[in-house]
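Student: What follows is a predicted protein model with its sequence.
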Amino acid sequence: MLLPYLEADRIEAGCDEVGRGCLSGPVVAAAVILPPDYANEFINDSKKLTKLRRNDLVTEIKQEALSWAIGSATVEEIDRINILNASYLAMNRAVMHLSLRPEHLLIDGNRFKTVNGIPFNCIIKGDTKFASIAAASIIAKVYRDELMEKWARKYPGYGWEKNVGYPTPAHRKALAKLGPCPLHRKTFRLLPEQLMLDLL
């Protein structure tokens with residue numbers, strides 16, 4: 001069972017993002033404030049859960065959370081400010097969209113830049129330690145996966161319905177054959193033999 005909070009008697013929001021390592025699509029973050037007595041033995045890092053389990057949990061998390069929100073950064077923003085800063089941007093947007101202002105943030109990872117003055121702790125592998133961070137990772141992943149599956153119909157051939165934009169061999173092979181589409185990150189190493197692909 002993951003920890004319910006870092007410090008009792010304060011409003012903590014867990015924050016996590018998904019899609020940093022993808023070749024295409026936005027980076028998506030979520031922020032979640034759980035009740036202090038909330039517990040679910042199945043909540044864990046979203047990557048360790050099956051798709052079916054994530055879909056079951058996301059419904060419960062949204063129902064039980066005191067507040068939850070999603071934020072994202074576009075492909076254009078990723079290419080303009082880099083993926084690390086875009087991840088910060090997405091998390092800050094998620095926090096700002098919460099209906100309840102948190103007193104403290106629990107951030108998955110080892111670095112963060114806040115724009116709203118809320119104090120925070122960075123926690124390495126936080127999505128395997130704190131329930132609120134794991135809940136955020138689940139909400140963010142389900143949202144982003146569904147988004148990429150939807151865009152797979154508009155931009156067929158890249159296998160996004162399966163790889164959701166990650167650099168799988170099938171995705172790389174499709175890029176070599178089809179070239180990039182507008183949702184590919186042009187500052188990323190899209191193909192192994194090149195450091196950058198100019199889309200212009």
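Tutor: Sure thing, it's come through.
Student: Can you list the buried residues in the worst-scoring helix or strand of the chain on mean pLDDT?
Tutor: The element with the least model confidence among the helices and strands of the chain, by mean pLDDT, DSSP states H and E, is helix 169-178, at a mean of 94. Within helix 169-178, the residues that count as buried by 16 or more other C-beta atoms under 10 Å are 171, 172, 174, 175. Every C-beta, even on glycine, is put in place using the N, C-alpha and C of the backbone.
Student: Let me know the outermost residue of the chain.
Tutor: No residue in the chain has its C-alpha farther from the mean C-alpha position than residue 177, which lies at 28.6 Å (C-alpha atoms, centre = their mean).
Student: Spatially, what comes nearest to that residue if we skip its sequence neighbours?
Tutor: Once flanking residues are discounted, residue 177 sits nearest to residue 157: 7.7 Å by C-beta to C-beta, 6 or more residues apart in numbering.
Student: where's the one you found, which helix or strand?
Tutor: Per DSSP states H and E, residue 157 falls between elements, in no helix or strand.
Student: now could you export just the CA positions of the longest helix anywhere in the chain as PDB?
Tutor: When every helix of the chain is counted residue by residue (DSSP state H), the longest turns out to be helix 131-154. Taking Å, rounded to 0.1, in the frame of the first residue of the first chain, the C-alpha atoms of helix 131-154 are listed here in PDB:
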ATOM      1  CA  ALA A 131      -0.900   7.300  -3.600                       C
ATOM      2  CA  SER A 132      -1.600  10.900  -4.800                       C
ATOM      3  CA  ILE A 133       1.400  10.800  -7.200                       C
ATOM      4  CA  ALA A 134       0.400   7.300  -8.500                       C
ATOM      5  CA  ALA A 135      -3.200   8.500  -8.900                       C
ATOM      6  CA  ALA A 136      -1.900  11.500 -11.000                       C
ATOM      7  CA  SER A 137       0.200   9.200 -13.100                       C
ATOM      8  CA  ILE A 138      -2.900   7.000 -13.800                       C
ATOM      9  CA  ILE A 139      -5.100   9.900 -14.800                       C
ATOM     10  CA  ALA A 140      -2.400  11.400 -17.000                       C
ATOM     11  CA  LYS A 141      -1.600   8.200 -18.800                       C
ATOM     12  CA  VAL A 142      -5.200   7.200 -19.400                       C
ATOM     13  CA  TYR A 143      -6.000  10.700 -20.800                       C
ATOM     14  CA  ARG A 144      -2.900  10.800 -23.000                       C
ATOM     15  CA  ASP A 145      -3.300   7.200 -24.300                       C
ATOM     16  CA  GLU A 146      -6.900   7.900 -25.300                       C
ATOM     17  CA  LEU A 147      -5.800  11.100 -27.000                       C
ATOM     18  CA  MET A 148      -3.000   9.300 -29.000                       C
ATOM     19  CA  GLU A 149      -5.400   6.500 -30.000                       C
ATOM     20  CA  LYS A 150      -7.800   9.100 -31.300                       C
ATOM     21  CA  TRP A 151      -5.100  10.800 -33.300                       C
ATOM     22  CA  ALA A 152      -4.000   7.500 -34.700                       C
ATOM     23  CA  ARG A 153      -7.100   7.600 -36.800                       C
ATOM     24  CA  LYS A 154      -6.200  11.000 -38.200                       C
END
